[in-house]
Structure formats: structure tokens, C-alpha cells
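>>> Provided below are the primary sequence and the corresponding predicted coordinates.
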Amino acid sequence: MNGRAEQTKTPSERDVSAGMRVTWVGLIVNVGLIVLKLWIGMVSRSQALIADGIHSISDLFSDLLTLFGLRWGRKAADASHPYGHARIETGVGLIIGLLLLGAAVGIAFKGVTAIFQHRIVNPSMMTIIVAAVSIVAKEGMYWYTIIIGRRLRSLILVANAWHHRTDAFSSVAVLIGVLATYVNPAWYWADSLAALVVSVFIVKVAVSLIWRAFREVIDTAPDANIVDHLTRCASSVAGVRGVHDIKARYFGPHIFVEVHVVVDPTLTVKEGHAIAKQVEACLIADVGDVSRVITHVDPDTDDNQEPQL
């Protein structure tokens with residue numbers, strides 16, 4: 001007897017709705033902050049606040065990409081995409097990471113240029129207030145989005161959450177810079193230096209997100225501890241004499257698993273299939289990220305003596 005069975009778990013509409021809702025809230029917040037930052041930044045000639053406003057524009061694009069990725073990336077499998085659409089989420093996460101990296105380079109360039117050109121900045125109290133409001137709003141959006149993103153195991157929601165937090169970091173740097181310049185206008189470089197600090201934060205997060213998306217694209221296996229856990233789970237099913245050739249890889253927010261289980265060779269096909277389905281149910285229930293399992297059933301023979309874990 002040698003056969004295989006397959007079981008999948010699909011995302012619910014409730015999950016998609018939760019992700020869409022938090023993204024729409026973030027989009028509305030971003031629009032308001034963009035208007036405030038650019039307006040006050042130009043009036044007060046604050047390089048850091050203008051850079052912060054541009055960063056918020058990249059947040060707006062990030063929100064739009066996230067809406068697209070959630071809507072299409074969480075669609076169920078169909079004839080054209082038999083393994084589902086999860087890689088859309090991965091691709092959008094990669095784009096968001098690249099957007100962050102591009103924003104960081106632009107902010108750093110403008111900050112360095114402003115320092116060498118000795119641009120004088122005269123920030124107003126309104127500049128300070130806008131920066132403070134941005135910190136509170138964006139940190140709040142970070143926690144709102146990251147909680148939903150982790151619950152749904154969504155790379156693009158997590159990426160978008162960090163986009164919110166980098167905006168909060170950006171506003172912290174802006175607040176420090178404009179406060180310093182407000183206290184002593186001779187410290188004209190403080191505003192631009194704050195913009196440079198912002199760019200460092202953004203680069204760090206951008207590289208992390210790009211690397212994570214890249215690992216998913218090249219079918220990187222999960223952590224060894226997860227694979228060991230999957231092996232123990234399959235071995236615990238009644239009727240399984242051994243487990244071997246277990247393979248797992250990330251596919252968007254999901255883990256796809258392929259496993260061989262050794263069973264009594266005298267079992268009927270129906271009985272072997274029932275054991276395979278129990279293995280699949282165990283793996284999906286025991287490891288939340290697992291959404292697709294293919295189980296191969298092998299007879300216990302002299303040529304197939306694998307130690308049971």
C-alpha cells in the first residue's frame with residue numbers, strides 16, 4: 001500500500017475583513033497627517049517635518065498596496081492558482097519594503113544637502129505640536145495593525161504596521177530636531193540631523209522586511225524547532241509506525257507540509273487513508289501556520305525501516 005492524501009485550510013472572510021478595516025483606518029489617519037505635516041513644514045521651513053510628510057505619503061501607498069494584497073492574496077485556490085494566492089501578499093510585502101528603503105535614501109539625501117547648504121530653519125510651536133500629534137497617532141496605528149497582523153499571520157499587515165512605527169520614529173526625531181532649533185536657531189543642523197536619524201531607522205526595518213519576503217519567495221523552510229514539532233505531532237497519531245522525509249516551506253503567511261508516514265502493510269487502503277487524514281488534521285490543528293498538508297502513506301517493510309520519533 002502506498003498512497004497520499006491532502007488537506008488544506010483556507011483563510012476566512014472574517015480575517016480578510018479585519019485586515020481591510022485596520023488598513024482603511026490607517027489610510028484615513030495618514031491622509032490627515034500628510035496634509036498637516038506638509039502644510040506646517042512648508043510654512044515653518046522645517047526640512048525634517050517635510051521629510052516626515054513625504055514618509056507619510058509612502059505610508060499612504062503602503063496602505064493602498066496592503067488593501068490590494070489582502071483582497072487578492074487571501075483568495076481561495078482556483079483553477080489558475082491551485083496553491084492559492086498567498087504569494088501576492090509576499091510580493092506586496094517586498095514592494096512595501098522597497099518603498100521604505102527608497103524613502104530612507106531620499107530623506108538622508110535631503111538631510112545631508114540641507115546641512116552642507118546651511119539652510120536656516122525657524123520652526124514654530126505648531127511644528128512641535130504636529131510632530132507630537134503624529135507620534136501618538138502613528139504609534140497607536142502601529143499597535144492596532146501589528147496585533148491584527150500577528151493574529152492573521154500576515155506579512156503585509158506586519159510590514160504596514162512597521163511603516164506606521166517608522167513614521168512614529170520619524171516624528172520623534174523631528175520633535176527633537178525642531179525643539180533644539182526652536183531653543184537655539186544657531187543649531188540649524190539639528191533639524192536635518194534628525195532627518196538622517198529617521199533614515200537609519202527606516203533602512204533597518206526595510207531591509208528586515210525585504211529579507212523576510214525574499215526568504216518566502218525562495219521557499220525557505222521554517223525554523224528547525226517547527227519541523228521537529230511537526231514530526232512529533234505526526235508520530236503521535238495512532239497507527240503511525242514511523243515518520244520520514246518531512247518537508248515544509250513558507251507560502252505567504254502559510255506553511256505547506258509534505259510528510260511520509262509508515263503504517264502496517266496489512267491495512268486496507270481505506271484504513272491507511274484514515275490514518276493519513278488524522279496526521280493532516282493533527283498538523284493543521286497543532287501548528288497554526290500550517291494550512292496545507294500532503295501525506296504519503298508507506299508500508300512498513302524491510303526496505304523502509306525508519307526510526308519512530
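The structure has been received and is ready for your questions. Numbering: from 1, shown residues only.

>>> what's stretch 127-142 in contact with?
Contacts with stretch 127-142, where a contact means Cβ atoms under 8 Å, 6 or more residues apart in numbering, come from 25-26, 29, 33, 36-37, 40-41, 44, 46, 49, 52, 56, 161-162, 164-165, 167-168, 170-172, 174-175, 178-179, 182. Quick note: C-beta positions are derived from backbone N, CA and C, even for glycine.

>>> now, which of these lie within helices?
25-26, 29, 33, 36-37, 40-41, 44, 49, 52, 56, 161-162, 164-165, 167-168, 170-172, 174-175, 178-179, 182 (DSSP state H).

>>> Quick check on these: which are buried?
For the ones in helices among the contacts of stretch 127-142, a burial check counting by 16 or more other Cβ atoms under 10 Å picks out 26, 29, 33, 36-37, 40-41, 44, 49, 52, 56, 161-162, 164-165, 167-168, 170-172, 174-175, 178-179, 182.

>>> Quick check: buried residues in stretch 268-278?
272-273, 275-278.

>>> Export the residues you listed as JSON lines, with columns for pLDDT.
Output for those, formatted as JSON lines (pLDDT from 0 to 100):
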{"residue": "272", "pLDDT": "83"}
{"residue": "273", "pLDDT": "86"}
{"residue": "275", "pLDDT": "86"}
{"residue": "276", "pLDDT": "86"}
{"residue": "277", "pLDDT": "87"}
{"residue": "278", "pLDDT": "86"}
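
>>> Count the residues that sit near the closest residue to residue 176 other than its chain neighbours.
Excluding the flanking residues, the one nearest residue 176 by Cβ to Cβ, 6 or more residues apart in numbering is residue 194, at 5.6 Å. Per other Cβ atoms under 10 Å, the neighbour tally for residue 194 reads 29.

>>> Residue 222 too?
Neighbours of residue 222 (other Cβ under 10 Å): 17.

>>> Quickly note the distance from it to residue 172.
Separation of residue 222 from residue 172 (Cβ to Cβ, to the nearest Å): 35 Å.

>>> looking at it, residue 64 is touching residue 27, isn't it?
Yes. Residue 64 is within contact range of residue 27, at 7.3 Å (criterion: Cβ atoms under 8 Å).

>>> More neighbours: which of the two?
residue 27 (18 against 13).

>>> gap between the more buried one and residue 210?
Computed with Cβ to Cβ, the distance linking residue 27 and residue 210 is 23 Å.

>>> what's the average pLDDT for the host helix or strand of residue 194?
Using DSSP states H and E, residue 194 falls within helix 189-217. Averaging pLDDT along helix 189-217 yields 76.

>>> so what does it touch, helix or strand wise?
When contacts are defined as 3 or more Cβ pairs under 8 Å, 6 or more residues apart in numbering; DSSP states H and E, helix 189-217 sits against helix 47-73, helix 86-116, helix 155-183, strand 242-251.

>>> so where's the stretch 151-300 of the chain shaky on pLDDT?
188, 191, 218-221, 223, 252-253, 287-288 (pLDDT under 70).

>>> So for stretch 92-111, what gets flagged as buried?
92-97, 99-101, 103-104, 106-108, 110-111.

>>> quick one: which of those residues is nearest residue 233?
Nearest to residue 233 among the buried residues of stretch 92-111, counting by Cβ to Cβ, is residue 93 at 28.3 Å.

>>> Give me the distance between the closest one and residue 124.
In this view, residue 93 and residue 124 are 38 Å apart by Cβ to Cβ.
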